[in-house]
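Asks: Based on what follows, work out the 3D shape:
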Amino acid sequence: MIAERVIFDRLAKDAAVSGIVDSRVYPAVAPAATEQQGSYIVYTLSSTDRTPYMQGEAGLATRTYTVECCASSYDGAAELAESVRLVFDSWRGDYAAMRVRRVTFENESANFTRNEDGSDSGVYVRVLTIAIVHTEEPTALPAGT
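Replies: Have a look, this model is predicted:
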């Protein structure tokens, strides 16, 4: 999916973000023991809404993503989330055959995920919910409908 490549490429190529996470940007789930290697990002598609019109789809989609900014400290997770926000804040542009019309931030929250060993160690997570509005090839309805 092109929209997911936009997220990966923009995060992986940004100097501030890659300075924190190196290349640890993952779709859906991070590999086991990633938290031991330092800060990382996991992004997940939450929903897709397409704008309909009478002849089929309008060629616009809004994809909502959850972006988890994970670090060993609360401040580290907050710094990473701010760097991610700056990458996408009000960004518009072309990527392959897709035109990004706008990116908006819908929500931000923070939590802590404790390790399974029951200790006080774990990962601080700053969760960003972002919506990417972009073009896609419209789908025409079959003739006679």
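Asks: Only C-alpha atoms, please: export the longest helix along the chain in CSV.
Replies: With secondary structure taken from DSSP state H, the chain has its longest helix at helix 74-88. Output in CSV follows, covering the C-alpha atoms of helix 74-88 (Å, rounded to 0.1, in the frame of the first residue of the first chain):
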residue,chain,number,x,y,z
TYR,A,74,8.8,9.2,29.3
ASP,A,75,10.8,12.1,28.0
GLY,A,76,12.3,10.0,25.3
ALA,A,77,8.9,8.9,24.0
ALA,A,78,7.6,12.5,24.2
GLU,A,79,10.7,13.8,22.2
LEU,A,80,10.2,11.1,19.6
ALA,A,81,6.5,11.9,19.2
GLU,A,82,7.3,15.6,18.7
SER,A,83,9.8,14.7,16.0
VAL,A,84,7.2,12.5,14.3
ARG,A,85,4.6,15.3,14.5
LEU,A,86,7.0,17.7,12.9
VAL,A,87,7.6,15.3,10.0
PHE,A,88,3.9,15.2,9.1
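Asks: Quick one: name whatever helix or strand follows it.
Replies: Using DSSP states H and E, the helix or strand that directly follows helix 74-88 along the chain is strand 93-95.
Asks: And the helix or strand just after that next one, what does it pack against?
Replies: As assigned by DSSP H and E, the chain's next helix or strand after strand 93-95 is strand 98-114. Under the contact criterion of 3 or more Cβ pairs under 8 Å, 6 or more residues apart in numbering; DSSP states H and E, the helices and strands touching strand 98-114 comprise helix 2-13, helix 74-88, strand 93-95, strand 122-135. C-beta coordinates here come from the backbone N, C-alpha and C atoms, glycine included.
Asks: What are the contacting residues of the helix or strand just after the first one?
Replies: Counting by DSSP H and E, the element after helix 2-13 in chain order, helix or strand, is helix 15-21. With contacts defined as Cβ atoms under 8 Å, 6 or more residues apart in numbering, helix 15-21 is touched by 11-12, 25, 38-41, 71, 76, 79-80, 83-84, 86-87.
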